[in-house]
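# Output the structure for:
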Amino acid sequence: MQTSKTSVEMNRREFMAVTAATGATLAMAPTLGQSRESDMIYRTLGGTGEKISAIGLGGYHIGTLPTKEESVRVIRTAIDRGMTFMDNCWDYHDGKSEVWMGEALRDGYRQKVFRMTKIDGQKKTSAARQIDESLKRLQTDRIDLMQMHEMIRPEDPERIFAEDGAIAALLEAKKAGKIRYFGFTGHKDPKIHLKVLEFGKKNNFKFDAVQMPLNVMDAHFKSFEKEVVRVLVQEKIGVLGMKPLGSGAILQSKQATAIECLHYAMSLPTSTVITGIDSMKILEQAFEAARTFKPLDETRRKELLARTSGPAQDGEFEKFKTTTNFDGTVQNPQWLGLQG
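Predicted coordinates for the structure are as follows:
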């Protein structure tokens with residue numbers, strides 16, 4: 001009986017700590033310079049001054065559509081309705097996602113978006129090669145935001161900041177006019193994010209944006225929200241939220257709806273929340289979230305966190321943190337290009 005009481009008390013204390021930390025994070029949201037136009041909300045990307053849509057189109061899911069034509073239709077419909085942030089990656093579907101997005105952004109659509117993609121190469125030579133391949137696939141001579149993908153291993157920061165590491169390739173690409181802004185992503189552990197930022201400071205390198213899982217489950221387990229977001233806001237680095245639905249797993253928990261999940265992530269000081277869109281129905285869901293969005297008040301936020309606290313404790317609904325199932329560069333180590 002005593003053990004049960006102690007366990008309950010610990011859970012209560014942990015929950016109160018989460019809600020307090022989240023409340024402090026939410027208090028920073030007004031710094032985003034938010035504006036609304038028609039069905040979409042726009043926010044400022046960190047210290048860049050760039051205005052981007054508060055919901056971004058995920059590049060991975062674009063490559064899962066049955067045909068290029070359907071992918072182009074979804075992307076262009078999103079842009080026509082005001083979605084401007086386009087996510088992608090060199091490795092998505094062996095480059096198909098970038099190729100299809102490149103096709104969609106022809107005929108004047110390129111000028112309407114803020115385009116981001118990512119590379120895996122951690123050596124200078126492999127990173128430079130992947131940058132050029134992404135540019136070719138996307139049919140452009142410049143990427144708005146280029147990010148180092150999958151900072152998920154403790155040794156990754158040291159590798160990319162080595163003399164012959166990927167950061168050297170990014171700097172050369174920016175000097176050549178191929179890249180406007182820098183960022184990095186990861187889904188494994190907030191401590192690795194903080195380590196990358198620390199290496200950046202040591203090397204006088206400023207990241208313009210950082211991407212991470214931000215959702216109602218993350219608030220309770222290996223929390224990027226609690227450990228990383230405040231640092232980014234203080235340093236005026238754009239906060240890019242991803243996996244707002246936990247790659248769909250959170251919906252399976254039946255503890256939150258898709259709109260609740262999107263509104264939770266949008267209520268944090270995110271510049272954009274990137275969500276996977278693989279159909280016109282899911283695209284409409286994203287616009288419904290933007291159209292109906294109001295920042296969560298304290299009562300609503302606490303209720304949602306209380307509802308998700310128990311299921312979130314062991315990471316069951318965020319397996320990208322606890323398994324290698326989502327680690328593309330673990331399953332395909334050649335993408336890291338460590339041999340050159």
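# Quick one: the strands in this structure, in order.
35-37, 40-44, 51-53, 55-58, 85-86, 114-119, 143-148, 179-185, 209-213, 238-242, 272-276 (DSSP state E).
# mind checking how far Glu70 is from Gly47?
The gap separating Glu70 from Gly47 is 37 Å, by C-beta to C-beta, to the nearest Å. For glycine as for every other residue, the C-beta is placed from the backbone atoms N, C-alpha and C.
# same check, this time on Lys321
Taking C-beta to C-beta, one finds Lys321 at 28 Å from Gly47.
# What of Pro295?
Going from Pro295 to Gly47 by C-beta to C-beta gives 22 Å.
# With neighbour numbers in mind, choose between Lys321 and Gly47.
Comparing Lys321 with Gly47 by other C-beta atoms under 10 Å, the one with more neighbours is Lys321, at 22 against 13.
# what about that one, distance to Ile192?
In terms of C-beta to C-beta, Lys321 sits 11 Å off from Ile192.
# cool, Glu288 as well?
Going from Glu288 to Ile192 by C-beta to C-beta gives 34 Å.
# all helices of the stretch 51-200 of the chain, in order?
Ranges of helices in the stretch 51-200 of the chain, per DSSP state H, counting those that start in this stretch, are 59-62, 68-80, 96-104, 124-137, 156-160, 166-175, 190-202.
# Look at the closest residue in space to Thr117 that isn't next to it in sequence and say how many residues are nearby.
Distance criterion C-beta to C-beta, 6 or more residues apart in numbering; nearest residue to Thr117, sequence neighbours excluded, is Asn88 at 4.2 Å. Asn88: 27 surrounding residues under other C-beta under 10 Å.
# next one: Pro333
As a measure of burial, Pro333 has 12 neighbours, counting by other C-beta under 10 Å.
# Which pLDDT value belongs to it?
Listed pLDDT for Pro333 reads 98.
# likewise Leu32?
65.
# Considering only helices and strands, which part of the protein has the lowest mean pLDDT?
Lowest on mean pLDDT, DSSP states H and E among the helices and strands of the chain sits helix 2-26, with a mean of 50.
# So Ser134 sits against Ile143, correct?
Yes. The pair Ser134 / Ile143 is scored as a contact, 6.8 Å apart, by C-beta atoms under 8 Å.
# Mind listing the shared neighbours of these two?
Counting by C-beta atoms under 8 Å, 6 or more residues apart in numbering, the residues touching both Ser134 and Ile143 are Thr117.
# so where's the protein shaky on pLDDT?
Across the chain, the stretches falling below the confidence threshold (pLDDT under 70) are 1-32, 340.
# contact partners of stretch 58-77?
The contact list for stretch 58-77, computed with C-beta under 8 Å, 6+ apart, reads 57, 86-89, 92-93, 96-101, 103-105, 109, 117, 242, 274-280, 282-283.
# rewinding a little: just put the helices of the stretch 51-200 of the chain in TSV and tack on distance to Phe182 and mean neighbour count.
Below are the helices of the stretch 51-200 of the chain laid out as TSV (distance: least, C-beta to C-beta, whole Å; neighbours: other C-beta atoms under 10 Å):
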stretch	distance to Phe182	mean neighbour count
helix 59-62	18	23
helix 68-80	24	18
helix 96-104	19	23
helix 124-137	12	20
helix 156-160	11	22
helix 166-175	6	20
helix 190-202	9	17
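# now the ones you listed as TSV including distance to Ala249?
Rendered in TSV, the data for the helices of the stretch 51-200 of the chain read as follows (distance: least, C-beta to C-beta, whole Å):
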stretch	distance to Ala249
helix 59-62	15
helix 68-80	23
helix 96-104	22
helix 124-137	29
helix 156-160	25
helix 166-175	31
helix 190-202	19
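# So for Met266, which of those helices sits nearest?
helix 68-80 (16.4 Å; C-beta to C-beta).
# mind checking how far that closest one is from the chain centre?
Chain-centre distance of helix 68-80: 21 Å, with C-alpha atoms, centre = their mean, to the nearest Å.
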